[in-house]
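A.B. asks: Sharing a sequence plus its predicted fold:
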Amino acid sequence: MTDIRHFLDLDVLDAATLRRILDTALALKSAAPTPARLPGCTLAMVFEKPSTRTRVSFEVAIQQLGGSAIVLDQGGTQLGRGETVADTARVLSQYVDAIMLRTSAPENLHEMAAAASVPVINGLTNDSHPCQIMADVMTFEEVKGPIAGKVVAWSGDGNNVAASWIHAAVKFQFELRLATPSSLQPAAGLLEWASANGGQVSLSDDPQAAVDGADCVVTDTWVSMGDKDAEARCATLVPYRIDTALMARAKDDAIFMHCLPAHRGDEVDAAVIDGPQSVVWVEAGNRLPAQKSILLWCLGQDGDDA
């Protein structure tokens with residue numbers, strides 16, 4: 001089927017669709033109670049990697065929209081015993097209305113989407129984290145107004161979250177300055193894609209230059225699930241820690257974001273993440289309305305009265 005609305009990555013969706021999803025999320029947050037627009041719908045959540053925010057926010061989102069969720073992990077499915085992702089997708093499509101997959105391998109996500117006859121949502125891969133960045137852009141606009149034309153600075157590992165920030169910079173038309181060590185840069189193809197699509201995305205190894213005059217400063221954990229070189233990574237990333245001195249180089253009204261979990265004293269000082277410029281708790285909370293909106297879009301219930 002070619003008309004299935006998968007939510008796989010920000011770069012494969014047009015800007016108008018992403019804006020509509022974001023605007024719906026903002027409207028849903030202000031609606032009380034949440035309109036039950038998905039009665040009887042079931043979301044299968046398949047976890048190859050553990051989760052707190054993704055699991056809870058998606059489960060509550062589908063429930064508040066009138067549906068229900070089934071949580072599956074590798075130990076509780078035949079995926080852990082060698083059944084293919086494609087076969088799992090075909091089977092789940094007979095039972096549920098949508099599938100959310102959190103996996104290490106992006107190829108598993110694409111195999112799931114290719115075989116499923118229901119929408120598939122990217123709950124995180126090693127390459128990207130689009131649901132998180134939708135909540136992040138939503139948070140920026142809720143706190144500071146339209147993100148178009150603003151400056152976002154990233155300091156740290158050029159990981160999957162940074163990759164989705166690159167996608168977002170192009171789609172939402174803001175400037176993104178990335179500061180990463182040379183050994184932990186985003187894939188070159190990402191920067192080439194951004195340039196080819198008119199994005200204002202720059203890369204350096206200088207966090208001070210990246211943060212100077214920024215409207216928003218972002219970082220992420222230095223060691224992600226599955227990384228085996230934790231000690232070396234941490235040593236390399238020390239100059240990229242967001243401390244009060246680095247944060248002070250941003251605009252006076254700049255905000256700080258982190259998708260969590262955070263490690264105070266590593267990628268960010270406690271004085272920053274727990275300080276007045278931090279919006280990390282708003283950011284975490286916005287995973288809920290953002291994912292409600294993604295579910296509504298995937299299931300074709302994203303009308304103007306959503």
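C.D. replies: All right, it came through fine.

A.B. asks: can we go C-alpha only for contacts and neighbour counts from here?
C.D. replies: Noted.

A.B. asks: For L295, give me its contacts.
C.D. replies: By CA atoms under 8 Å, 6 or more residues apart in numbering, L295 lies in contact with I62.

A.B. asks: can you confirm it is in a helix?
C.D. replies: Yes. The assignment for L295 is a helix, going by DSSP: H, G, I helix; E, B strand; the rest coil.

A.B. asks: In terms of pLDDT, where does it sit?
C.D. replies: Looking at L295, its pLDDT reads 98.

A.B. asks: Same check on Q78?
C.D. replies: 69.

A.B. asks: Kindly report the same for D304.
C.D. replies: 51.

A.B. asks: How far off centre is stretch 30-43?
C.D. replies: 22 Å (CA atoms, centre = their mean, to the nearest Å).

A.B. asks: pLDDT of that stretch, averaged?
C.D. replies: Mean predicted lDDT for stretch 30-43 stands at 92.

A.B. asks: show me where pLDDT drops low in the protein?
C.D. replies: 1-2, 76, 78, 80-81, 225-226, 304-306 (pLDDT under 70).

A.B. asks: Now do the same contact list for the most centrally placed residue in it.
C.D. replies: Centroid-nearest residue in the chain: Q132, 2.2 Å away (criterion: CA atoms, centre = their mean). By CA under 8 Å, 6+ apart, the contact set of Q132 is V161, C259, R287.

A.B. asks: Kindly recompute the last result at 7 Å.
C.D. replies: By CA atoms under 7 Å, 6 or more residues apart in numbering, the contact list for Q132 reads R287.

A.B. asks: for it, helix, strand, or coil?
C.D. replies: helix.

A.B. asks: From S30, how far off is it?
C.D. replies: Plainly put, Q132 is 20 Å away from S30 if you go by CA to CA, to the nearest Å.

A.B. asks: Then N160?
C.D. replies: From N160 to S30 the distance is 30 Å (CA to CA).

A.B. asks: Looking at those two, which is more packed in?
C.D. replies: Between N160 and S30, counted using other CA atoms under 10 Å, the more crowded position is N160 (20 against 10).

A.B. asks: residues in contact with the closest residue to that one other than its chain neighbours?
C.D. replies: Of all residues not flanking N160 in the chain, S128 sits nearest, at 4.1 Å (CA to CA, 6 or more residues apart in numbering). Applying CA under 7 Å, 6+ apart, we find S128 in contact with N160, V161, A163, S164.

A.B. asks: Surely S128 is in a strand?
C.D. replies: No. With three-state DSSP as the criterion, S128 is coil rather than part of a strand.

A.B. asks: Do you have the strands of the stretch 1-150 of the chain handy? List them.
C.D. replies: For the stretch 1-150 of the chain, applying DSSP state E, counting those that start in this stretch gives strands covering 42-47, 68-73, 98-102, 120-124.

A.B. asks: can you state the direction angle for the second one and strand 42-47?
C.D. replies: So the one you mean is strand 68-73. 20 degrees (axes from the mean of the first three to the mean of the last three CA atoms, to 10 degrees).

A.B. asks: For strand 68-73, could you pull out the residues that count as buried?
C.D. replies: Going by neighbour count (16 or more other CA atoms under 10 Å), the buried part of strand 68-73 is S68, A69, D73.
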